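Student: This is a predicted model, with the sequence first.
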Amino acid sequence: MIFLACCYMASKGYRGLATSRSEGYGEDLPDHLLTDPNCRKKINKMVFLWASAAAVLCLPAIGYLAYILADPDRRLSTSVLVLLTVYGLAVAMIAGYPLEKIKSYGNPA
């Protein structure tokens, strides 16, 4: 699921829709950033790059899932489950970074 969400976010950034208020994540952006084409391009590129990186990081976990599902009698140790959980959290944090950064642009500092 994280892989699909990351691919969706990356497509929004690639198409330039990440800064759109109606179709993207631009509701937290101030107007001066939305009216500047260079800022919009920079933010869309940031969303594309971080979401793409998170999607690529999902691939080893998907490969390991295929390895696990290939043998139904395979048992997973607790340490492997903990490692996969931490890895999934790290990927989710990488995917969420541009969205949190966009929110910080809207907060007056």
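Tutor: Done, it's in. In this text the structure is predicted, and so the values were computed from the model without any measurement. Numbering: from 1, shown residues only.
Student: quick one: average pLDDT of the helix or strand hosting N38?
Tutor: According to DSSP states H and E, N38 maps onto helix 37-70. The pLDDT scores in helix 37-70 average 92.
Student: please renumber so the chain begins at 767
Tutor: With the count now opening at 767, the last piece we talked about shows up as helix 803-836.
Student: mind listing what the closest residue to L825 other than its chain neighbours touches?
Tutor: Distances taken as C-beta to C-beta, 6 or more residues apart in numbering place F769 nearest to L825, at 7.6 Å, with adjacent residues excluded. All C-beta atoms are positioned from the backbone trio N, CA, C, and that covers glycine. Counting by C-beta atoms under 8 Å, 6 or more residues apart in numbering, F769 touches 821, 824-825, 828.
Student: List the buried residues for stretch 771-791?
Tutor: Across stretch 771-791, burial judged by 16 or more other C-beta atoms under 10 Å covers 771-772, 775-776, 778-780, 782-786, 790-791.
Student: Those residues in helices, which ones?
Tutor: Counting by DSSP state H, the part of the buried residues of stretch 771-791 found in helices is 771-772, 775-776, 778-780.
Student: picking up where we left off before, N804: which of the buried residues of stretch 771-791 is nearest?
Tutor: T785 (11.6 Å; C-beta to C-beta).
Student: my guess is the closest one meets N804, correct?
Tutor: No. Look at T785 against N804 with C-beta atoms under 8 Å: they stay out of range, at 11.6 Å.
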